[in-house]
Structure formats: structure tokens, C-alpha cells
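Visitor: Sharing a sequence plus its predicted fold:
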Amino acid sequence: MKILLVAPCPKNEMRHHTMDIPQLTLSLIAGMTPPEHEVEICEEVYGDVINYDGHYDVVGITIMTQTCYRGYEIANEFKKRETTVVFGGIHATCIPQEALQYGDAVVIGEAEGLWEQVLLDLKKNKLQQYYKHTTLPDLQNISSPRRDLVRCKSGKFAVAPIETTRGCPYNCDFCTVSRFFGTKQRHKTMNHIISEAEEIEQHYLFFLDDNITGTKDFAKDLFRNLAPLKKHWVGQASVNISKDKEMMQLAHKSGCKALLIGFESMTDSGLNSYRKSLKSIQENVDAVKRLQDNGILTMASLIFGLDNDTEEVFDAGQEFLVKSKAAFFQSCIMTPYPGTPVFDRLKAENRILTDDWSKYDTTKVVIQPKNFSPELLLESANKLQKSMYANSSIMKRFWPNAMCGFDSALFYLSLNKGYQTRNVHKQQFGVNRNEAGVPLDFDTTKYVMPVKPIQPGIVTSGPGLGELIEELL
């Protein structure tokens, strides 16, 4: 069969020349596709153009919440040509009934073992509507991605994505990760990971793991095995790494240059709500300093608009960033992704302002915060981001981070200036509400009308993981 795999992206979000983290999704699916099939991939974020007249036997589309409408538009074009369309990805997993309106089948959860079955069923003309695991896949015998299909060039950097684990034990109420990958961390074999890292020609790696230090013994063993490869890498970790001197040293020796850490909140209530082990601004400032002392830059991620937040949350965030001199800053606006407890709660409280999924990307306001206006949330979050990436702030934070090494200094300046440019040219989106007369019913057909007839029994108004994948958690 001739297969096209697509990662959709709205036109205004495409990044042809700017820094972006390469993904493995399509190359992983290509890697688990039997060799007798011909596979092409299209990643619209990089400006790839879809060949709608390519005479494909099946088109696989992976969708996130903010990209689902573009995915549905693509599906419509292929359905006009009577091409079979299969959806997967986190949004399709959370709302499989919605995705099925635009395609022929939905892969729920991780694709290993399911994609192969989809292809077998297609060959037999017995395609099912839903494909799902009863248990999460074992990563011990997992397929490798098709490295020839991985887009590693990102802006001025060549960065190769790689993963070692899946799953996150923290199970935060706003996050879809544990609901997609489970709450228990699963690991690939060490031989598999190191062999894959050795084969990657790029010098810089990005570990896609949601928490690479989630299992201490595994992480330390990984870092010891990575060290001889002389690679440089960045990844995501819990702030708890800052309390383990041996782990920080091993990470640095293995080539770790920077870690994205979800601090989430700097208020007392926020730190307690998300079970953070460091309970004050100063403790978190000290954590960033310990990482700097061990040659590791920190990208600090904060979320604004939590139910416990008052207007003081922005001052607390500013105080932490100024005192810690964190290398980078990720400002996230609370976004109620479907399938999460936050979505269910805010929907029940009528505090969701729009059902336009394209606005759900953590940079736009789609909720009514509990203790201040949506307009204040947008203005204050943008102000803090602008302040962090002002020239004066970049210079004040330079020396503590430059002391991590010459490569780190270059990385620091390049990424900070890149974020500065992106913020300057970024459209300042307002608060997003449904237009007058448009019901907030989460019926996607009012935004993208399916080409294929809506099937009887399809639910369009009740997003949530539901019983289809409940057993996986």
C-alpha cells in the first residue's frame, strides 16, 4: 500500500526558519510499518505541502487539540477523493467520537501494535472504527523510528529527537500526558537507547521524555552510559534533580546542557496543589542556582490562571525569575484540555469561554479565571514574557548561565534572542470567546463540516477520555 502520514499545522503557526523541537511521531509510525508498504510523511510546521492527488491507499493524521481543525480539513480533502483516513494522536485519543466524524478509523493511545493491525485489516477490507490497547505497550521490544525521515534541522541548530521513557507519575489535573501514556514510567532497554543515540549523526539530542529523571536509578544509569558518546543534550525533568548532587553531576558529564522544569506556580497554594517538594520562592531560586553550579541551564515553566491564583501570582513569578536568573522562561496560560479533570470542572462551572479547539495552545486565554479577569490574565502573562526577554534582562541573566561553559553561553544567547524575536513578531491574541450566537456546545461541525455523513450515535458534545481508554490508567 501507498501510505501518507501527516502532522497538520495551521498556516499561521508554521515555522520554516525558527527554532522548533523536532518530533518522532511520524517516523515512529513509519518505523513500525511493514517494509512492503511505501511511506511518505508530511510535517506542515516546516512548510511541507500535501499532495492531495498522490493516490494514497491510506492517510494517517496525528492531531493535537490546537491542530485538529487543520487535520479535519485535510481529512475532508482526502475523503472527497475516497481515500481511507485514520486518525491518531492525543486529541483523537481524548475525543475519538469527534475524530471519527472526519475519518474512517481512530487509533486510541500509543500506536505500537495497533497501526500494524490497522494495515492488516485494511488489506482484508475489515477496517474497524476504533483501535485501542487493553494494556499499555511494553517498550522493551519497541520499533525504532525511521531516522531517514526525522527532520532534525531546527532554525540554526541540528537537533535529533530521542525518547527513553513514557509515562508520568505526577498526574497533574491540567495535563494530558499521564492520561495518554499512563501514570507509571515505562523504559526502553538501555542497549536500545544507547545504540540509537550512537547511530544518530547529529551532535545535539533532545530527549522527548516528559520527565527524564522520573526513575532515579534508571536516569543515573542512562547518564553513565551516555557520557562516552560525547553528545550534548537537553530534556525535561522534575525540580527534584536539584536535590541529588550525584544525578546533577552525572547529567552534566553525560552532556546535559539544559533542562525544562515545570515549576508551575510560585504561590504557596500553587506549590501545595501540585505537590511540589520545594515550598518557597527561595527554595526554587536555590534549585536553579544548584543546577547552574553543575553546568545545567534551566528553562523555567510557569502556569498562570490556576484556580488558586490571585493577582499576586504575577509578582511572585517575576520575583522568582529575577532572583533565580533562570536561563529561559516558558509562560503558559491555564488551558483546559479535553480529557483532563480541569476541563470537566471548568465546563461544569461554565468558565470555558470558547469551544474553538484551535485556540487551545497555552498562549491564548480561553477560560474565566476564578479571581481576576481574562483580560488581566492575558495582559500580565504577556508583560512578564516581554520583561523576561528584554535586552536588559538577557544581559542581567547572562553571567550566571555563561559560567556553565562556552557552548552554554552561545546556546543561552541564541535561544534568548530567538525567543525575543518571536515575542516581538508574535500576534497579541485577545481573550477568546465564542462569537455572539455561536453556542458553546463543543460541536466541531460548526467549525469544520465533515465531508462524510455523520454516523448515527456519534457524540459531538461530551469531550473526555471516557470508557474507551479508562482501563489504561
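Guide: Received, thanks.
Visitor: mind checking which helix or strand Ser195 is in?
Guide: Per DSSP states H and E, Ser195 falls inside helix 190-199.
Visitor: What of Leu260?
Guide: Using DSSP H and E, Leu260 sits within strand 256-264.
Visitor: in its sheet, what does that strand sit against?
Guide: Paired neighbours of strand 256-264 in the sheet (DSSP bridges): strand 232-237 (parallel), strand 297-304 (parallel).
Visitor: Break this structure down into its structural domains.
Guide: Structural domains annotated on the chain: 2-138, 156-334+369-425, as defined by automatic domain parsing.
Visitor: And for the nearest residue to Thr176 once chain neighbours are set aside, the neighbour number?
Guide: Nearest residue to Thr176 in three dimensions, chain neighbours excluded: Tyr337, at 5.1 Å (CB to CB, 6 or more residues apart in numbering). Where C-beta positions appear, they are placed from N, C-alpha and C, glycine not excepted. Tyr337 has 22 neighbours, counted by other CB atoms under 10 Å.
Visitor: ok, now Asn211?
Guide: Applying other CB under 10 Å, I find that Asn211 has 22 neighbouring residues.
Visitor: And the one 10 residues further on, by the same measure?
Guide: Asp221 sits with 14 neighbouring residues when counted by other CB under 10 Å.
Visitor: what's the answer for Leu259, then?
Guide: By other CB under 10 Å, 26 other residues sit near Leu259.
Visitor: pLDDT value on Lys426, please?
Guide: Predicted confidence (pLDDT) at Lys426: the value is 55.
Visitor: So for Arg151, which of the strands paired with strand 256-264 sits nearest?
Guide: strand 232-237 (17.1 Å; CB to CB).
Visitor: what's the angle from that closest one to helix 190-199?
Guide: Orientation check (axes from the mean of the first three to the mean of the last three CA atoms, to 10 degrees): strand 232-237 against helix 190-199 gives 140 degrees.
Visitor: buried set for the next helix or strand after strand 232-237?
Guide: As assigned by DSSP H and E, the chain's next helix or strand after strand 232-237 is helix 245-253. For helix 245-253, a neighbour-count test (16 or more other CB atoms under 10 Å) marks 247-248, 250-252 as buried.
Visitor: angle of helix 245-253 against strand 232-237?
Guide: 140 degrees.
Visitor: all numbers from here: first residue = 36
Guide: Sounds good: first residue 36 from here, last item helix 280-288.
Visitor: Excluding its own residues, what touches helix 280-288? List them.
Guide: Contact with helix 280-288 is made by 248, 251, 254-255, 258-259, 262, 276-277, 294, 325-326, 329-331, as judged by CB atoms under 8 Å, 6 or more residues apart in numbering.
Visitor: Can I get that helix as PDB, trimmed to CA atoms?
Guide: What follows is helix 280-288, C-alpha atoms only, in PDB (Å, rounded to 0.1, in the frame of the first residue of the first chain):
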ATOM      1  CA  LYS A 280      24.100  16.100  43.600                       C
ATOM      2  CA  GLU A 281      25.200  12.900  42.100                       C
ATOM      3  CA  MET A 282      22.400  13.000  39.500                       C
ATOM      4  CA  MET A 283      23.300  16.600  38.500                       C
ATOM      5  CA  GLN A 284      26.900  15.700  38.100                       C
ATOM      6  CA  LEU A 285      26.200  12.600  36.100                       C
ATOM      7  CA  ALA A 286      23.800  14.500  33.900                       C
ATOM      8  CA  HIS A 287      26.400  17.200  33.200                       C
ATOM      9  CA  LYS A 288      29.100  14.700  32.400                       C
END
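Visitor: That one: how far from the chain's middle?
Guide: On the basis of CA atoms, centre = their mean, to the nearest Å, helix 280-288 is displaced by 26 Å from the centre of the chain it belongs to.
Visitor: So which of the contacts of helix 280-288 sit within strands?
Guide: Those of those mapping onto strands are Leu294, per DSSP state E.
Visitor: Show me which of the contacts of helix 280-288 are buried.
Guide: Applying 16+ other CB under 10 Å to the contacts of helix 280-288 flags 248, 254-255, 258, 276-277, 294, 325-326, 329-331 as buried.
Visitor: For Gln403, grab the count of nearby residues.
Guide: Residues near Gln403, counting by other CB under 10 Å: 18.
Visitor: same question, Leu171
Guide: 18.
Visitor: hmm, back to that, need the buried ones among the contacts of helix 280-288 in CSV (columns: pLDDT and distance to Leu413).
Guide: Shown next, in CSV, are those (pLDDT from 0 to 100; distance: CB to CB, whole Å):
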residue, pLDDT, distance to Leu413
Thr248, 93, 33
Ala254, 96, 37
Lys255, 97, 42
Phe258, 98, 40
Ile276, 94, 32
Ser277, 94, 31
Leu294, 96, 28
Arg325, 96, 34
Leu326, 96, 31
Asn329, 95, 36
Gly330, 95, 36
Ile331, 96, 32
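Visitor: Lowest average confidence across helices and strands of the protein, where is it?
Guide: Least confident helix or strand, the chain: helix 501-505 with a mean of 44, by mean pLDDT, DSSP states H and E.
Visitor: Strand 291-299 and the lengthiest helix in the chain, what's the angle between them?
Guide: For the chain, the helix reaching the highest residue count under DSSP state H is reported as helix 441-460. Going by the same axes, to 10 degrees, helix 441-460 is angled at 50 degrees with respect to strand 291-299.
Visitor: Go through helix 441-460 and flag the buried ones.
Guide: 443-444, 446-447, 450-451, 453-455, 458.
Visitor: Can you spell out which helices and strands pack onto it?
Guide: With contacts taken as 3 or more CB pairs under 8 Å, 6 or more residues apart in numbering; DSSP states H and E, helix 441-460 sits against strand 291-299, strand 332-339, strand 363-368, helix 426-431, helix 433-437.
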